[in-house]
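Asker: Show me the folded form of this:
(chains A and B)
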Protein chains: 2
Amino acid sequence: MIRIIQSSDKVSLQSLLNSRVSNQAEIAGRVAAIMDEVRQSGDNALCGFTRRFDKADLTPEQLRVSEEEIKWAYSQVDQEVLASLRVARKRIEDFHQKQLAKSWFHPEVDGTILGQLILPLDRVGIYVPGGTASYPSSVLMNAIPAKVAGVAQIVMVTPPGEDGRINPYSLVAAAEAGVTEIYKIGGAQAIAALAFGTETIRPVDKITGPGNIYVTLAKRMVYGQVGIDMLAGPSEVLVVADSSANPIYAAADMLSQAEHDSMASAILLTHDPVLAEAVAMEIERQVSKLPREKMAREALANYSAIIITGDVGESLDLANTFAPEHLEIMVDEPFNLLGRIKNAGAIFLGHHSPEPVGDYLAGPNHVLPTNGTARFYSPLNVDTFMKKSSVISFSQQNLQALGQDIIRLAEVEGLKAHANAVRVRLGLE
Amino acid sequence: MIRIIQSSDKVSLQSLLNSRVSNQAEIAGRVAAIMDEVRQSGDNALCGFTRRFDKADLTPEQLRVSEEEIKWAYSQVDQEVLASLRVARKRIEDFHQKQLAKSWFHPEVDGTILGQLILPLDRVGIYVPGGTASYPSSVLMNAIPAKVAGVAQIVMVTPPGEDGRINPYSLVAAAEAGVTEIYKIGGAQAIAALAFGTETIRPVDKITGPGNIYVTLAKRMVYGQVGIDMLAGPSEVLVVADSSANPIYAAADMLSQAEHDSMASAILLTHDPVLAEAVAMEIERQVSKLPREKMAREALANYSAIIITGDVGESLDLANTFAPEHLEIMVDEPFNLLGRIKNAGAIFLGHHSPEPVGDYLAGPNHVLPTNGTARFYSPLNVDTFMKKSSVISFSQQNLQALGQDIIRLAEVEGLKAHANAVRVRLGLE
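Answerer: Down below sits the predicted model:
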């Protein structure tokens, strides 16, 4: 049963805020060992770990998905689902196109030109969870922004099932989204292969996409060697509601997070105690009908709560403190409150924007910062797959005008050779 | 003496590309111990480490720079240098203003609104190297983009000299740039204080700015708990030149990097063997006059080279492989080559754009990706201090139109509660 607490109960609040802190040292040691082995033994290590963790027996030549397998996948998928995937692809593409930033140049009257190049990364790796399950939406959400950015080589990794195959929906989604290479590998070994390369897999410039704790720790270890999008943890939703909210909707939305993971978190903030009770009852009624009831119940018991606040302002302040991955504002006039939201991955406004709309097809990305990191991380977006370079073309006239300033600043920093680079050009040295 | 190698000599090229790889495991252990102590003992640990590493004896109350100290700093600085700092501040501000991205909303005809909020971070920490030296330019380059982004609290940390003071130029630069708090701490202990907080220092959301290997490893360790800008190493310049280049300029620019650090790197790529010889001789002539000659000679001997290529195209391809922090294109018509540059932190075009112009006042940031990471990192910029949130406001009409697509995609992923969140709203459950 989900607990109901008062916002004045600071001890319970703090324990909810801190509930995700875990000791990862032991897992980190195992992840490091896996990655060392891939770095040293390449494809052989990959095949060994795939046999051990995924129970799939593949040769190095079978790691890469073939054209025939993609054709097979298209023959397997339901045509209505394929049509829905295409609806999603189109909406996701349209939204991410709006994020595309352009290079710019700014000339000054003396002939100086300053600018900023914004260029796509050359080769990126996207991680998609897999195994027996199928996450075509994760494929679209990772690959489409890379494609929109103009990335030439989009390399997808996803663990195979025991039969050595990738789920056909994931393969079709990859083909639809413009993925250029697919490898049947998962876990920390896949991250190592993308970062260091093996005989069959060339290293990438950046790795994106969420995974389990092994994947996340592996991404942390290669950060700096390659870029990564973010370090993501279990999924979360935080609903801010007033008495206009429908408790059936609020409960359904909270359960759509709780079913993800036994460490998922679903929180309701409301100043209406009647709504609080109604949502708690609705959750109880709905959860018992879910196939993933056990997982959802664990998430509800350990990482979830209904918190009764003094007013909607306090609810929003607390929401900013939680900085949730998904924030639903379930009130009649949600745009009036938008200016008070500081920290959230994605914000769902009104009564007709359940979080799964954003998971599948609204358009914005579903790869979002978790565990309070929306304070500083952004959703996966087109910028994730681009990088900037500054451009400086100084004119002789401008160098003469500003040369003494540069020399003075270089000398106050004790950097004589810096000053010299200007001096030789001004005929002073 | 700088070596001259042929681009066909793949062994020498590869050893140059790999020269920076070092074993940091031992230092990492020391950094972790420092950070644990700050996390456990707060201000006391900070004062202890500041006594030990910076030889400065400060009480917890003295860690924060006072208003009086800022006033004192203004009384100490040379007025001409202050004027030059203001010239730099103005140009840096102007450039970074052009980077400022705005939130946007896109309404659809059925009443759905999608959008992207772009909000400043709330509280950031900037690291500025210090001690006896003074780096006012680093203060400007870190603080100005944060200020332009709209960050409310800009916290600067920099190690004090043995007298317990911060260099007045750094303090004045901080005041000019809009820094809101300054603490006299440096090294890994400063990064720990910013990430975890102590009795006197509240934790920040993100930490930026380059430092030595201790600072860099500390930033890596707190990454994910807070945001960081990048992991930066020793400075680099790569000059691509044809026979129009002045060897005196090329040598001076290469030395302006070499004087930074005994691990700095200065590389010239040219297809003109005569220029190659002339630059080598000029470097030899100029280096002997530098106060930091010893450091520069180490950088030249170990991490630098002149590489003779077949043509300018090969020079640019190699430059893209190096992905240098600073790339100078020393030819008569540099803009003709701009489209061929893929990887570089900052690009300096033509004969009048020595790299120190960019260090101090051209406008673009001087905090740049090093060691090949320009493949995926960007210069420090206004975006570094902002984060995005997606906004999804679906209309009832649109949910009805797309509801079946969402349900189908949720079910193919085995997520029944996701489908339910739509079903309850369509009256199907």
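Asker: Return the residues in contact with whatever residue of the stretch 1-150 of chain A ends up closest to chain B.
Answerer: Here the stretch 1-150 of chain A gets closest to chain B at one residue, residue A:84, 3.9 Å apart by Cβ to the nearest Cβ. Placement of C-beta: from N, CA and C, glycine included. In this structure, residue A:84 makes contact with A:361, B:404, B:405, B:406, B:408, B:409, judged by Cβ atoms under 8 Å, 6 or more residues apart in numbering or on different chains.
Asker: Surely the fifth one and residue A:80 touch.
Answerer: Yes: applying Cβ atoms under 8 Å, one finds residue B:408 in contact with residue A:80, separated by 6.1 Å.
Asker: Have a look at those two and say which one is more surrounded.
Answerer: residue B:408 (21 against 12; other Cβ atoms under 10 Å in any protein chain shown).
Asker: Residue A:55 versus that one, what's the distance?
Answerer: Applying Cβ to Cβ, to the nearest Å, the value for residue B:408 to residue A:55 is 29 Å.
Asker: ditto for residue A:275
Answerer: Following Cβ to Cβ, the distance that separates residue A:275 from residue A:55 is 47 Å.
Asker: and the worst-scoring helix or strand of chain A on mean pLDDT, which residues are buried?
Answerer: Here the helix or strand of chain A ranked lowest by mean pLDDT, DSSP states H and E is helix A:10-17, holding a mean of 88. Neighbour-count burial for helix A:10-17, counted by 16 or more other Cβ atoms under 10 Å in any protein chain shown, picks out A:13, A:16.
Asker: and if you look at stretch A:270-282?
Answerer: Applying 16+ other Cβ under 10 Å to stretch A:270-282 flags A:270, A:271, A:272, A:275, A:276, A:278, A:279, A:280, A:282 as buried.
Asker: out of those residues, who's nearest chain B?
Answerer: Distances from chain B to the buried residues of stretch A:270-282, taken by Cβ to the nearest Cβ, are shortest for residue A:282, at 9.4 Å.
Asker: quick one on the thing from earlier: got a pLDDT number for the residue of the stretch 1-150 of chain A closest to chain B?
Answerer: Residue A:84 carries a pLDDT value of 98.
Asker: secondary structure element for it?
Answerer: helix A:79-97 (DSSP states H and E).
Asker: Show me what counts as buried in that helix.
Answerer: A:81, A:82, A:84, A:85, A:87, A:88, A:89, A:91, A:92, A:93, A:95, A:96.
Asker: what helix or strand is the residue in the stretch 201-350 of chain A positioned nearest to chain B on?
Answerer: Using Cβ to the nearest Cβ, the single residue of the stretch 201-350 of chain A nearest to chain B is residue A:227, 3.4 Å away. Following DSSP H and E, one finds residue A:227 within strand A:227-228.
Asker: and that strand, how far out from the chain's middle?
Answerer: 11 Å (Cα atoms, centre = their mean, to the nearest Å).
Asker: The residue most central in space within chain A: what's its closest spatial neighbour, skipping adjacent residues?
Answerer: For chain A, the residue sitting closest to the mean C-alpha position, by Cα atoms, centre = their mean, is residue A:367 at 3.2 Å. Leaving aside its sequence neighbours, residue A:367 sits nearest to residue A:380 (Cβ to Cβ, 6 or more residues apart in numbering or on different chains; 3.7 Å).
Asker: Then residue A:212?
Answerer: Nearest one to residue A:212, counting by Cβ to Cβ, 6+ apart, is residue A:129 at 7.4 Å.
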